[in-house]
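Asks: below are the sequence and a predicted model for it; my questions follow.
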Amino acid sequence: MFDFDGVLVDGMAEYWWAARKAALSLRPDLRLPEQAPAAFVRLRPLIHKGWEMVLVAAELARGTFDLTAPGAAYGQALAPALAHWGWSPEILQASLEAVRRQAIAADRPHWLALHRPYPGVPQRLRALAQEGADWAVLTTKGGAFARELLAAQGLAPLQTFGHEDGTKPEVLLRLCALRRPLWFIEDRRPTLEAVRATAGLEAVRCFLVSWGYLSPSDLIDLPEGLALLEPAAFAAPLAAWP
């Protein structure tokens, strides 16, 4: 089971492009640069769901996010920021997905080009079939958008689960009920820690990739049950994974 953003695909250019357009659709008076500012890139490891990107864009326009704050402080800042703008996660998510739907309808090649598969990843995923391994995608992106991007790379996972299917622990719990070995590959350490802390998911093997949207502290003192996956190990046969 693979996370999508930050594991299979680097979509940083699209994240800012879509977040900026979504924020401007709600507040046309915002002044936002066309290229992703360094502050957005630095905050990306803390962002969990798509709607947060739109909120972060608006907050950066008024210069309110403390870029030195740890993840907990970021999480605590979300509710006051929503209250300031009078928005809800549902409004922001709907705005973001509307921007993406319009982009696909108007210029699909341009939208696809804003995403970059990580080197060697599409080839490795295709090779999994030769090892007799099914693979699926579990993402907080809308499932339809993830499927669109996968299809453009000629990739066909067994299943693709988007944010509409529930939280990642919820989806993994449903899959565990099938009583098949389950590995979860993710670039967001808090998500993996939440999986490890969820009753019923003890048998899930969890891997933190060394690429993607990580903060420097993410690789320090990994807890038991969470293995670091380097590119060389990812390319190796599954039997050789840590």
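Replies: Structure's in. What do you need?

Asks: I'd like the next helix or strand past the lengthiest helix in the chain.
Replies: Assignment by DSSP state H gives helix 89-113 as the longest helix of the chain. Using DSSP states H and E, the helix or strand that follows helix 89-113 in sequence is strand 116-117.

Asks: name the strands paired with that next one and say parallel or antiparallel.
Replies: Within its sheet, strand 116-117 is paired with strand 9-10 (antiparallel), according to DSSP bridges.

Asks: distance-wise, check residue 233 relative to residue 42.
Replies: Distance check for residue 233 against residue 42: by CB to CB, to the nearest Å, it reads 27 Å. Backbone N, C-alpha and C define where each C-beta goes, glycine included.

Asks: walk me through the domains of the chain.
Replies: With domains defined by automatic domain parsing, the chain comprises 10-113, 117-240.

Asks: closest to residue 2 out of the ones you listed?
Replies: Between residue 2 and the domains of the chain, the tightest spacing by CB to CB is seen for domain 117-240, at 4.9 Å.

Asks: so how far is the closest one from its chain's centroid?
Replies: With CA atoms, centre = their mean, to the nearest Å as the basis, domain 117-240 stands 11 Å off its chain's centre.

Asks: quick one: end-to-end distance for that domain.
Replies: End-to-end distance of domain 117-240 (CA to CA, to the nearest Å): 23 Å.

Asks: can you check stretch 160-180 too?
Replies: 17 Å.

Asks: tell me which residues of stretch 75-93 come out buried.
Replies: 77-78, 81-82, 85, 87, 91-93 (16 or more other CB atoms under 10 Å).

Asks: out of the residues you listed, who's nearest residue 238?
Replies: Nearest to residue 238 among the buried residues of stretch 75-93, counting by CB to CB, is residue 93 at 34.8 Å.

Asks: in this structure that closest one contacts residue 55, no?
Replies: No - the criterion here is CB atoms under 8 Å, and residue 93 misses it with residue 55 at 10.4 Å.

Asks: give me the pLDDT for residue 145.
Replies: Listed pLDDT for residue 145 reads 96.

Asks: for it, grab the count of nearby residues.
Replies: For residue 145, the number of neighbouring residues by other CB atoms under 10 Å comes to 25.

Asks: from the centre of the chain, give me the residue that's furthest out.
Replies: Distance from the C-alpha centroid of the chain, by CA atoms, centre = their mean, peaks at residue 29 (28.5 Å).

Asks: that one sits in which helix or strand?
Replies: Residue 29 belongs to no helix or strand when assigned by DSSP H and E.

Asks: again with residue 184
Replies: Using DSSP H and E, residue 184 sits in strand 183-186.

Asks: wait, doesn't residue 46 sit right on residue 217?
Replies: No - using CB under 8 Å, residue 46 is not in contact with residue 217, being 11.2 Å away.

Asks: which one's more surrounded, these two?
Replies: Neighbour totals were compared for residue 46 and residue 217, and residue 46 leads with 22 against 11 (other CB under 10 Å).

Asks: now the strands: where do they sit in this protein?
Replies: For the chain, strands defined by DSSP state E occupy the ranges 9-10, 116-117, 137-138, 160-161, 183-186, 205-209, 226-229.

Asks: report all helices and strands that the fifth one contacts.
Replies: If you count contacts as 3 or more CB pairs under 8 Å, 6 or more residues apart in numbering; DSSP states H and E, strand 183-186 packs onto helix 168-176, helix 189-196, strand 205-209.

Asks: of these, which stretch is the most buried?
Replies: Of these, the one with the most neighbours on average (mean count of other CB atoms under 10 Å) is strand 205-209, at a mean of 21.

Asks: follow-up on the earlier one: quick one: the strands of the chain as a markdown table, columns for distance to residue 60 too.
Replies: What follows is the strands of the chain, written out as a markdown table (distance: least, CB to CB, whole Å):
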| stretch | distance to residue 60 |
| --- | --- |
| strand 9-10 | 20 |
| strand 116-117 | 23 |
| strand 137-138 | 28 |
| strand 160-161 | 30 |
| strand 183-186 | 26 |
| strand 205-209 | 27 |
| strand 226-229 | 31 |
